[in-house]
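> Dropping a prediction and its sequence here:
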Amino acid sequence: MTITYIKQRSTAPKDNSTSDVSTTVREVLDGLRDGREDRARELAKDFDGWDGPIVVSPEATAKARAGLAPTMVDDIVAAHRNISYFAEAQRQSLSDFEVEVTPGLRAGHKLVPVDVSGCYIPAGRFPHIASALMSVTTSKAAGVETVIAASPARDERGGVHPAILVAADVAGADIILGLGGIQAIGSLAFGLFTDKPASMIVGPGNSYVAEAKRQLFGEVGIDAIAGPTESMIAADHTADPLTVATDLIGQAEHGPDSPVWLVTTSEALARQVMELAPKLADQLPEPARTSAIAAWRDLGEIIVVDTREEAARVCDDYAAEHLQILADDLPWWHERLRNYGSLFLGEQTTVTFGDKSSGPNHILPTMKAARYTGGLNVLKFLKQLTYQQLTNDAGHEHGELAARISRYEGMEGHARSADLRVNRP
């Protein structure tokens, strides 16, 4: 495969898994285990300047809703409708089953939702309205009984960001906590303020949030250990250079550590995008401008290949969180591609739609995790519980088989349990 880099990243992606981050997270989580709610309140005051109520009251949520422009509330409701429709369709596509494996042996599985999910919603540089909708809505569609949302409360805005409050409420959150960062993840895991420890914790966040989820994995389930947002476009000679460049830079505004990549079979397109992209980044308002300029300068790539099959191989190798196809014969790409978090097909299908409102979940695998997993979906909140039941005759048959295998393995206790079924009248 012939690959030509018109632009190659100038720095390696930032490694957020430093020993300093790991140590800090471990110390904070240990403090929360011992100090419980009192320690969480101290951390909220120290990190976010918040010493108000941690559990958001219905009155505070109602006040937040009243304070938003009606058009914003309408938009949140509309986006929720799309996300809910897709998540509920996902749930309906999954089913319990039971089969007769051999005569007298029936086995199957039941799909049972976790009892409690914890949904973390960042609100640093941007209030992540869509993340509230994506995580809480999907939990509810899966049938989770108690959904707890957590988002930073700050004094300058009187608590949790009002748009996040409304989004979490519209999506069906049962409890909302005004907590951010490590203290939020620890509180969700340990059941602080709720007496309901989360079985599953989901949602994006910074390196400290990701590390907290990593350290708690096993004690709780998590969606993924996410890195910075990443996006790739595969394009051919039919693509519009302005559209390609605009969509790349639109994703680069996520942050200076968010890589964006273009692979194309058209060198002419590559050269045009190379010229347009930095100009478009420079035209953005702050803070998006600084983020996009740095992300494009340091991590942006433009790759030229000879054929679409080579382009597809590059896409599968990068396994990008978002993969956008601006090329002819979209069905071919859809059938051929294997590794991506979510796929966006055609000129009208910008990643922005997936990020904000179209329906499929935007909490997606990064750092090549798309090679082995998909994004957040209802199945993440469902346990596939297997069961089996045997008749006497089936117990005789399987007892002999299981006893032999047990003795091959040297597990005599197992074998005697099987023998008991063989010898039972």
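Arrived safely, thanks for sending.

> tell me the mean pLDDT over the longest helix seen in the chain?
The longest helix of the chain (DSSP state H) is helix 19-48. For helix 19-48, mean pLDDT rounds to 94.

> Quick one: list the elements packing against it.
With contacts taken as 3 or more CB pairs under 8 Å, 6 or more residues apart in numbering; DSSP states H and E, helix 19-48 sits against strand 153-154, helix 181-190, helix 207-216. From N, CA and C alone the C-beta is placed, and that goes for glycine too.

> immediately after the first one, which helix or strand?
Taking DSSP states H and E as the definition, the helix or strand that follows strand 153-154 towards the C-terminus is strand 159-160.

> who's in contact with the helix or strand following that following strand?
Counting by DSSP H and E, the element after strand 159-160 in chain order, helix or strand, is helix 162-171. Helix 162-171 has contacts (CB atoms under 8 Å, 6 or more residues apart in numbering) with 56, 60-61, 64-65, 67-68, 72-73, 76-77, 80, 83-84, 119, 121, 123, 127-130, 132-133, 136-137, 140, 149, 151, 159, 176.

> And the residue nearest the centre of this structure?
Ile363 (2.8 Å; CA atoms, centre = their mean).

> Can you tell me the closest non-neighbouring residue to it?
Spatially, and ignoring its direct neighbours in sequence, Ile363 is nearest to Leu376 (3.9 Å; CB to CB, 6 or more residues apart in numbering).

> And for Asp355?
That would be His362: by CB to CB, 6+ apart, it lies 5.1 Å from Asp355.

> same check, this time on Lys196
Per CB to CB, 6+ apart, closest to Lys196 is Val116, 4.8 Å.

> what sits against that neighbour?
Val144, Glu145, Thr146, Val147, Ile148, Lys196, Pro197, Ala198, Ser199, Met200.

> how does it look with 7 Å?
By CB atoms under 7 Å, 6 or more residues apart in numbering, the residues touching Val116 are Thr146, Ile148, Lys196, Pro197, Ala198, Ser199.

> I'd guess the third one is in a strand, am I close?
No: residue assignment for Lys196, taken from DSSP: H, G, I helix; E, B strand; the rest coil, gives coil, which places it outside any strand.

> I figured it hits Thr146, correct?
Yes: using CB atoms under 7 Å, Lys196 is in contact with Thr146, at 5.5 Å.

> quick one, domains of the chain?
Under the assignment automatic domain parsing, the domains of the chain span 19-222, 228-374, 391-423.

> Arg9 is nearest to which of those domains?
Closest to Arg9 of those, according to CB to CB: domain 228-374, at 4.8 Å.

> So what would you say the end-to-end distance of the closest one is?
By CA to CA, to the nearest Å, the extent of domain 228-374 from end to end equals 16 Å.
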